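Engineer: I need the structure of the sequence given here:
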Amino acid sequence: MIRTIYYIILIYFILGGISFYLINRKKEKTVARKSYTKFITYFFIVNILFFGITLKHPIFQDISIIIVIAGIYEIINLFIKSGYSHKSFFIISIFIYFILSAGFLSFSHLNSNLILFSFLVLSIFDSFSQITGQFFGKHKIIPKISPNKTIEGTVGGFIIAMGSGILMRNLYLGLSWETIIMTTGIIIFAFCGDLMASLYKREYNVKDYSKIIPGHGGFLDRFDSLIAGGAWTFIGYYMLNL
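Structural biologist: Numbering: from 1, shown residues only. Below is the predicted model of the structure:
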């Protein structure tokens, strides 16, 4: 099953690569190069996480700790660089981050199939929201917080991620309605996590958290949806199994 899922991931990436080519072929070279860099980097990240989850050794638990620590560093670093401004906002933000991180770290100890299910759903949502948004996006959702997010892109990503979640229900091993609830929660939390990370950057008037990951705006820019989506999976799993 794991091999089949990996082949499906490769198919998604091929489709994504074709889409990015069609989107970027008429753009300026510097813009297109940045987009391709982001896509290639994301490919390697997905592979690292995929094998970290599926290998018997709990590598994903170690990766999760690194992600959380890097996120804390980036949040505090922006606060310090701002001259310790917006203290109340910072305190609320770090409090929310610690709660989500606690859920995310707990998520990393769940069954590997459930972790893989969640990871694939939110990755598909994240990727295809961007792709469908660039093809069809016209109406911004919250332009002041996340100017690139559109209603069309979010709906497109939701539909593809939901369909993928239903197709991968054997990984979750829940009833059909439970799979739909779990998938919906993952998508909503991933979306909100992304918005919260963007809001923090806007509050401190920066474009990126850091330049650590090529083509991406830092660890939080890349893993915000994974942290929030993972936290929901941990909560949702125990809610549905009470």
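Engineer: and the helix or strand of the chain at the bottom of the mean pLDDT ranking, what does it pack against?
Structural biologist: Lowest on mean pLDDT, DSSP states H and E among the helices and strands of the chain sits helix 169-172, with a mean of 80. For helix 169-172, the packing partners by 3 or more CB pairs under 8 Å, 6 or more residues apart in numbering; DSSP states H and E come out as helix 112-136, helix 176-203. Every residue, glycine included, has its C-beta placed from N, CA and C.
Engineer: quick one: list the elements packing against the first one.
Structural biologist: With contacts defined as 3+ CB pairs under 8 Å, 6+ apart, the packing partners of helix 112-136 are helix 2-24, helix 29-54, helix 151-167, helix 169-172, helix 176-203, helix 219-240.
Engineer: pick the most buried one from those helices.
Structural biologist: The highest mean neighbour count among those, using mean count of other CB atoms under 10 Å, belongs to helix 219-240: a mean of 23.
Engineer: state the mean pLDDT of that one.
Structural biologist: Mean pLDDT, computed over helix 219-240, is 93.
Engineer: give me the residues contacting the least confident helix or strand of the chain.
Structural biologist: 1, 5, 113-114, 116-117, 120, 165, 176, 178-179, 182 (CB atoms under 8 Å, 6 or more residues apart in numbering).
Engineer: which among those residues gets closest to K201?
Structural biologist: L120 (26.7 Å; CB to CB).
Engineer: what's the closest one in contact with, if anything?
Structural biologist: By CB under 8 Å, 6+ apart, the neighbours of L120 are 5, 9, 164, 168, 171.
Engineer: which one of those is nearest I212?
Structural biologist: Using CB to CB, these come closest to I212 at I9, 24.0 Å.
Engineer: so the closest one versus M168, what's the distance?
Structural biologist: I9 sits 11 Å away from M168, taking CB to CB, to the nearest Å as the criterion.
Engineer: quick one: low-confidence residue ranges for the chain.
Structural biologist: 173, 242 (pLDDT under 70).
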